[in-house]
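J.: sequence plus predicted model, see below.
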Amino acid sequence: MNGKKPVGLTIDGLKVQAAEGTNVLRAAEQAGVSIPHFCFHAGLDVEGSCRMCLVEIEGLPKLELACSTIIREGMVVRTSTDRVGEARKDVLEFLLAEHPLDCPICDKAGECRLQDYYDLYGLYASRMIEPRERRDKKVPIGRGLILDRERCVLCTRCVRFLRLVTGTGELGMFERSLRSEVGIYDGRPVDNNYSGNLVDICPVGAITAEDFRFKTRAWFLVRRPSVCPHCSRGCAVIIESVEGYPLRRSEKRVYRVTARENPAVNGFWICDVGRDGRHDIDDGRHAAVSEKGAPVQGLSWEKALAGVAAAIRSVPGPERAGKIAVVLNARLTCEELALAKGLFVTGLGLGKVFFADRKPGPADSLLLTSDRVPNAKGVLDAGFTPRLPALGELAGAEVLLVFGSYILEHFGEEDVARALAGVPSKYLFAAHTGPLDRLVDAVFPVAHPAEKSGTYINTEGVRQSFARAVRPCPAVVAEGAILVCLANSLGISLGDADVR
Amino acid sequence: MIKAWRVLRELVRGAAITARHFFVNMTFHTLRLFGIRTRRRGAVTIQYPEVQKALSPRHHSLHRIRPRPDGKPSCVACMLCVTVCPSECLYVEAAEDPDPEVQKLPAKFVVDLNRCCFCGFCVEACPVDAIRMDTGEIRLASLTRAGLEVPLDKP
Amino acid sequence: MFGDVLIILVKVVLTLMWTLLLALFLTWVERKESAVMQDRIGANRASVFGLRIFGLFQPFADAIKMLFKEDFCPTFAQRALHWLAPTFSFFFVSVTMVAVPFGDTISLFGRRIPLQVVDLNAAVLFVLAMLSLGIYGILVGGWASSNRFALIGSLRGAAQLVSYEVALGLSLVGLIMVFPSLSLARIVEFQGGLLFGFLPKWGIFLQPLGFAVFFLAGMAETKRVPFDMPEGESEIIGFYTEYGGLKFGLFMFTDFLEVIVLASMATTLFFGGWQVPWLGDAGFAFPGGGRIGLPPWAVTVLRVLSFNLKVFFFCWLQILTRWTYPRFRYDQVMDLGWKVLVPLGAANILATGLILAVR
Ligand code: SF4
Ligand code: SF4
Ligand code: SF4
Ligand code: FES
């Protein structure tokens, strides 16, 4: 309980303990009792504007807001009495009185709190006979976000997020009472690296993202947890993809990446770089083993790998240390790095094991780090000393294995081409197509981190294990499997290295 | 013995019924052959392609998307029909419409008649009554599978 | 000598043509008759230059379709036997027709020519023998298909046919006791007499029980619907599962030939063959004393017509039966064969013997 004093209370007859200073809503949630709410968000401060969270507290004459009531020792809370039910129904009726009910065209439909709560607590027949108030339905507020004022329930989550979390405060509440509405200040659209979170936290479909807008429906998406590979923070994410119906062959699998709550790493948020990472999973991927820059249909990676093993075997043992070069990267999982260590360093005794990675980019104050790889700590942890190769070191090799085509971010294409021209056997293991494909003998399509399982150690040393979130296309294989296969065909035992 | 007798009786009765039908129908056929039209006919057959029965108003025929007054499809691409379709044969791709009152329109709306079982669930699921199965088109045949993937987005 | 051979050849050809055309016609009759029985119209679309004539071209359309279908043979089947089986069936059934008398004798070019291909002195046995050989078609077909279901179907068929052959044989013994001959021509001649002075001396009046057993067992031999254990097309899978196209067509055609053979045998043995009641060589002689004189050619025409009409009636009757009754269960088929028809046949022999002895 984070060192705070535990407080005992009763919620719906359950004896519950929660840390001092917790509000009733969170305490109930921890005890498995969910209280409907719109405006409260655990990552923001308490507003108390939606009135959805009313509960009955013994000794108090009126219903109280669960979000803004701090628990006290011996408190007795009831969330399922008729009074509370009536109150919820009435609040919902007020919220929905002006609602456009355009669920058919609303992206939030299926994961919308209004829908859920109406289903759970509403179920009344509408009593509105007056025409609905019309408001702006399509207001671009910057960064590809679109605001629909008719759908907004004025919970101010978005406003508070931009004030408290990013500190940029682009959105504000304008006008008063019936006319109040959310909006940007003149000429200052939302522009920060965390804008995507607004779509996540808006409890209704008032803020939607152009990137996802109208592409599919929420209920077609399969949500699987993963870890974002785009910076060394390693934010916990959810990859939302469509499997099977109604997917057509030509389409993307991944429709969006959203934040997953992990207090130890990213709290509730992820940055837009990670959100845009959905393109990284689907776009520009290798789908088959290619040789000399052209995909070879029907050639399995196992068969092609036999050529790699043969090339390695053709270098006599004592010369291997200097004549075989390997370039790894920090997108490999800890398990794969351990395998690589066992195979290349311990097994083959190579001296030339290098690392080439994405170039560092600008960091921001919140989550994004400058290190644009997920497992920099894991590389050290596996016992490597990462070092970028000089081109001369590669040129002298007889066999060259390159994992990931990041070397081109550090050297010009012509220089790399010149250096590689002298290497007799060179192989690339990459997920995405790129100019390096033409410069090597064969390219093996490998899995994107979202398509494999493993462990990353983030910049703070937090280990996060993750499982496969997206099914890779059939020809694609994880680097781990390649390393194991290679070791087997070279007769090298990888011992009890974690081959999970 | 009694049982055998009964069996025999039923056998004869059966044959008598079929024989009666044969002779009665034959009589009417013969009358017709000689140009004598009777109210009753020898057969109840409807000579299908030449003679067609009227479809029941509840009949499920080929789907259509009802147009709006301005000609655009009235479908809002909500994909509820796609969701409910038990044969998984509908495919809808949405597009943005400049009119903020419309916003969402189908860019592609395909029904795959190879799979459709004509249950009509899509019609019932549609929140805006856009899809209907009342075209009366029942001659749905094609020489290719692709020919049975009928686009409905151009009403 | 040469003349005799020519005459025989012509008769063979005519008989074969008569049989095949009738079988072809029966396929049409079957469709139409079943349709009329079921208040339908039946196949009526096949046309030549827009001429439909009640779909009479349907059999030809069917034949052409069968001819042009893929000649399919399962990979592991015995190719030669697979082909041989339907030809077997077809041959042994059609060959029985040579023993059937179509009419009495005619005088042509100074010769007396019986309207029968050959007058075998053991024709009844010949027919029974040929029908039994037909079983080989089924057995070989099922075995050559290299398909368990087909094999089981053919064994089922063989068991059924063998069982009913016993009843078939027994039912004829009584008849042979009454008409002491095995030659079909002689049997028909015997039936020209009168019983009690007014009733034609037909087998049906002398051997009513014998006829019932004969006709039932015969229907079982044709393996058509109430008795179609061997094929059981829709549910139990029979011996021609692996057959298609022309070969299947042959099997199906054989069924119709069997219908014709049964009808002809019933006519010949029990309904006086080509005999017309009270018609003698010189014309009608009614029991009451009336007489109508007729020239010999008219008598012959009447007799041939009579034979044809009777055959046609029995074909019609079999088709009616086929479209009236549902299929028996296999144990029922066996029960009917062994527990009803065989004892009845035996009883018939006993009764006939008793009556003959007493008289
Ligand atoms: S836009 Fe969404 S998050 Fe913002 S106030 Fe409206 S409902 Fe709340
Ligand atoms: S009729 Fe039924 S099966 Fe056909 S498209 Fe509609 S929902 Fe799908
Ligand atoms: S036809 Fe109806 S249910 Fe289907 S997508 Fe269009 S609006 Fe939605
Ligand atoms: S959650 Fe308590 S008032 Fe909105």
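T.: Received it, and whenever you're ready, just let me know what you need. Ligands and ions are numbered 1, 2, ... in the order given.

J.: helices along chain B, start to end?
T.: B:2-33, B:80-84, B:121-125 (DSSP state H).

J.: after the helix or strand hosting C:Gly141, which helix or strand is next?
T.: Assigned by DSSP states H and E, C:Gly141 falls within helix C:123-144. As assigned by DSSP H and E, the chain's next helix or strand after helix C:123-144 is helix C:148-178.

J.: which elements pack onto the helix or strand that that next one is followed by?
T.: The element immediately downstream of helix C:148-178 (helix or strand, assigned by DSSP H and E) is helix C:184-190. Here helix C:184-190 touches helix C:123-144, helix C:245-270, going by 3 or more C-beta pairs under 8 Å, 6 or more residues apart in numbering or on different chains; DSSP states H and E. All C-beta atoms are positioned from the backbone trio N, CA, C, and that covers glycine.

J.: can you say which of these is packed in most?
T.: helix C:245-270 (a mean of 23; mean count of other C-beta atoms under 10 Å in any protein chain shown).

J.: how far off centre is that helix?
T.: Centre-to-centre, helix C:245-270 and its host chain are 5 Å apart (C-alpha atoms, centre = their mean, to the nearest Å).

J.: quick one: mean pLDDT for it?
T.: With pLDDT averaged residue by residue, helix C:245-270 scores 92.

J.: what angle sits between that helix and helix C:123-144?
T.: 160 degrees (axes from the mean of the first three to the mean of the last three C-alpha atoms, to 10 degrees).

J.: gap between the next helix or strand after helix C:245-270 and the chain center?
T.: Sequence-wise, the next helix or strand downstream of helix C:245-270 (DSSP H and E) is strand C:279-280. Going by C-alpha atoms, centre = their mean, the spacing between the C-alpha centre of strand C:279-280 and its chain's C-alpha centre is 26 Å.

J.: what residue ranges in the stretch 401-500 of chain A score low on pLDDT?
T.: A:495-500 (pLDDT under 70).

J.: just the helices in it please.
T.: Using DSSP state H, counting those that start in this stretch, the helices assigned to the stretch 401-500 of chain A run over residues A:413-421, A:479-490.

J.: ligand 3: which of the ones you listed is closest?
T.: helix A:479-490 (41.6 Å; C-beta to the nearest ligand atom).

J.: and the closest one, what's buried?
T.: Within helix A:479-490, the residues scored as buried using 16 or more other C-beta atoms under 10 Å in any protein chain shown are A:479-487, A:489.

J.: would you mind finding the most buried of the helices of chain B?
T.: helix B:80-84 (a mean of 20).

J.: show me what that one is packed against.
T.: strand B:90-96, helix B:121-125.

J.: give me the angle between the helix or strand harbouring C:Met219 and helix C:245-270.
T.: Element membership for C:Met219, per DSSP H and E: helix C:208-221. Interaxial angle of helix C:208-221 relative to helix C:245-270 (the same axes, to 10 degrees): 180 degrees.

J.: and the angle for helix C:208-221 with helix C:148-178?
T.: 160 degrees.

J.: can helix C:208-221 be said to contact chain B?
T.: No - shown here: helix C:208-221 not in contact with chain B (C-beta under 8 Å from any C-beta of the partner chain), separated by at least 10.1 Å.

J.: by contact count, what packs against that helix?
T.: If contacts are counted by 3+ C-beta pairs under 8 Å, 6+ apart, helix C:208-221 sits against helix C:148-178, helix C:203-206, helix C:245-270, helix C:342-358.

J.: residue ranges in chain B under the pLDDT threshold?
T.: Filtered on pLDDT under 70, chain B yields the residue ranges B:154-155.

J.: nearest to ligand 4, out of the helices of the stretch 401-500 of chain A?
T.: With C-beta to the nearest ligand atom, the closest approach to ligand 4 among the helices of the stretch 401-500 of chain A belongs to helix A:479-490: 45.3 Å.

J.: stretch A:195-210: end-to-end distance?
T.: 12 Å (C-alpha to C-alpha, to the nearest Å).

J.: coming back round to it: buried set for the helix holding C:Met219?
T.: Here helix C:208-221 shows C:209-221 as buried, counting by 16+ other C-beta under 10 Å.

J.: now, which of those sits nearest C:Leu175?
T.: C:Gly210 (5.5 Å; C-beta to C-beta).

J.: can you pull the contacts of the closest one?
T.: Applying C-beta atoms under 8 Å, 6 or more residues apart in numbering or on different chains to C:Gly210 gives the contacts C:171-172, C:174-175, C:203, C:270, C:345, C:348, C:352.

J.: distance-wise, check the closest residue to A:Arg157 other than its chain neighbours relative to chain C.
T.: Leaving aside its sequence neighbours, A:Arg157 sits nearest to A:Ile201 (C-beta to C-beta, 6 or more residues apart in numbering or on different chains; 4.8 Å). For A:Ile201, the distance to chain C (C-beta to the nearest C-beta, to the nearest Å) stands at 64 Å.

J.: swap in A:Phe94?
T.: From A:Phe94 to chain C the distance is 66 Å (C-beta to the nearest C-beta).

J.: who's in contact with the helix or strand containing that residue?
T.: In this structure, A:Phe94 sits in helix A:82-97 according to DSSP H and E. Contact with helix A:82-97 is made by A:36, A:38, A:50-52, A:54-56, A:63, A:78, A:114, A:117-118, A:121-122, A:124, A:126-128, A:153, as judged by C-beta under 8 Å, 6+ apart.

J.: if anything else comes up later, I'll come back, but that's it for now.
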